[in-house]
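J.: Quick one: sequence and predicted model below, then my questions.
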2 protein chains.
Amino acid sequence: MQISSRFTIAIHMLTCMETFKEEYKITSDFLASSINVNPVIIRRILSQLKDAGLIEVKRGTGGAAIIQPPEKITFLDVYRAVECIEENTLFHFHENPNPECPVGRNIHNILDDKLIRVQEAMERELKAITLADVMDDLEKILRGGQQ
Amino acid sequence: MQISSRFTIAIHMLTCMETFKEEYKITSDFLASSINVNPVIIRRILSQLKDAGLIEVKRGTGGAAIIQPPEKITFLDVYRAVECIEENTLFHFHENPNPECPVGRNIHNILDDKLIRVQEAMERELKAITLADVMDDLEKILRGGQQ
DNA sequence: GCAAGATGTAATGGTTGATATTACAATGAT
DNA sequence: ATCATTGTAATATCAACCATTACATCTTGC
């Protein structure tokens, strides 16, 4: 199973918010047209990013904006905001190993710390990448006139 | 989304194969009863582990056995054997960003290398854990008489 | 006030992948 | 030949993702 596209959509959204904050009002329709998904999907992710304290969204008048410096918004923040993983565990464990088998009754204990190590390695790397890194790359491309 | 339980099931299977290789014939029914899932699920995973060159399975007479030393079977080997991730990418990207938007037409390029870094961090850790580590822990527990 | 433009959210449906289960042909040892 | 077993197809259930429609709610501007 893959990590859902909500994550890359959320990064895309934040990048748009930062890029166009001076030029446009950032509505869910605006974001939806850059990302090419339904505006309701966008609004749900906006809610999750808001709940995580990364952005604010104005009701009535409309418009979303980032309320953290881009250097402080890590991929891990975004991942945790939108990926509703059960009890925060990356790996799905088979539920009912046989307690009458020496392997069955111990496998969970034995694997738990190892799987957590793997998950932490992944989260450490997610934490090392920020929205500012994305903005830097984007500006390089745009200034370079490549695209 | 979580990584499917096929992975932990596969580790459980290999651990059983190694643990009981002298005492029992390792059939899909035998494994299914330790793991508590349907034998057909087990057989499909046996096939995947066989295709990956980690085990052999005897037809007719029945019985599965590991054909690599446990120190050489890494969690990454098992992960790759059973997790049929599309094009080997952990993250699912939204497919059709708007090419007329400066962000939309560049986001894929910008994110690709960053997401690969995350995936590689995870795979590096998976590679550092072997079936021998699991066996060591299991033997410690069983010899210690704790369980 | 109230119209206009947004957001928040519920309800519904299609699609995909995971897992369970039944069934049965093919295999190989005895 | 029998029998236990594997390999695999077919089918069903279930959960999660994503799309979409609909509408109540909110704010601003007139």
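T.: Ah, there it is. Numbering: from 1, shown residues only, chains lettered A, B, ... in the order given.
J.: only C-alpha atoms for contact and neighbour calcs from this point on.
T.: Noted.
J.: Against which helices or strands is the longest helix along chain A packed?
T.: Ranked by residue count under DSSP state H, the longest helix found in chain A is helix A:107-127. Helices and strands touching helix A:107-127, by 3 or more Cα pairs under 8 Å, 6 or more residues apart in numbering or on different chains; DSSP states H and E, are helix A:75-82, helix B:107-127, helix B:131-143.
J.: Determine the angle, from 0 to 180 degrees, between the first one and helix A:131-143.
T.: Taking axes from the mean of the first three to the mean of the last three Cα atoms, to 10 degrees, one finds helix A:75-82 and helix A:131-143 inclined to each other by 110 degrees.
J.: Could you do the last one as well?
T.: Going by the same axes, to 10 degrees, helix B:131-143 is angled at 170 degrees with respect to helix A:131-143.
J.: and what of the second one?
T.: Orientation check (the same axes, to 10 degrees): helix B:107-127 against helix A:131-143 gives 140 degrees.
J.: neighbouring contacts of helix B:107-127?
T.: With contact meaning Cα atoms under 8 Å, 6 or more residues apart in numbering or on different chains, helix B:107-127 is reached by A:12, A:117-119, A:121-123, A:125-126, A:129, A:134, A:137-138, B:74-77, B:89-91.
J.: Any part of stretch A:71-78 near chain B?
T.: No. Taking Cα under 8 Å from any Cα of the partner chain as the criterion, stretch A:71-78 and chain B are apart, separated by no less than 9.7 Å.
J.: what's the spacing between A:Ala128 and chain B?
T.: The gap separating A:Ala128 from chain B is 9 Å, by Cα to the nearest Cα, to the nearest Å.
J.: returning to that earlier point: could you turn the buried ones of the contacts of helix B:107-127 into a PyMOL selection?
T.: In PyMOL syntax, the buried subset of the contacts of helix B:107-127 is picked out as below (16 or more other Cα atoms under 10 Å in any protein chain shown):
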select buried, (chain A and resi 12+117+118+119+121+122+123+125+126+129+134+137+138) or (chain B and resi 74+75+76+77+89+90+91)
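J.: DNA strand C next: which of the contacts of helix B:107-127 are close?
T.: Counting by Cα under 7 Å from any atom of the strand, nothing from the contacts of helix B:107-127 sits close to DNA strand C.
J.: ok, now how distant is the closest residue to A:Ile67 other than its chain neighbours from A:Ile66?
T.: Leaving aside its sequence neighbours, A:Ile67 sits nearest to A:Ile55 (Cα to Cα, 6 or more residues apart in numbering or on different chains; 5.0 Å). Between A:Ile55 and A:Ile66 the computed distance is 4 Å (Cα to Cα, to the nearest Å).
J.: one step back: what about the longest helix of chain A, average pLDDT?
T.: Helix A:107-127 shows a mean pLDDT of 96.
J.: Tell me where the model's unsure across chain A.
T.: For chain A, applying pLDDT under 70 flags the ranges A:85-87, A:145-147.
J.: Can you tell me which residues in it are near DNA strand D?
T.: Residues of chain A lying near DNA strand D (Cα under 7 Å from any atom of the strand): A:4-6, A:36-41, A:58-61, A:83-84.
J.: Now, of these, which are buried?
T.: With burial judged by 16+ other Cα under 10 Å, the buried subset of these is A:Ser4, A:Ser5, A:Arg6, A:Asn36, A:Val37, A:Pro39, A:Glu83.
J.: Go ahead and confirm the last one touches A:Phe7.
T.: Spelled out, that is A:Glu83. Yes. A:Glu83 lies in contact with A:Phe7 (Cα atoms under 8 Å); the separation is 7.1 Å.
J.: What residues does chain A have near DNA strand C?
T.: A:1, A:26-29, A:40, A:43-44, A:46-47, A:57-64, A:92, A:94.
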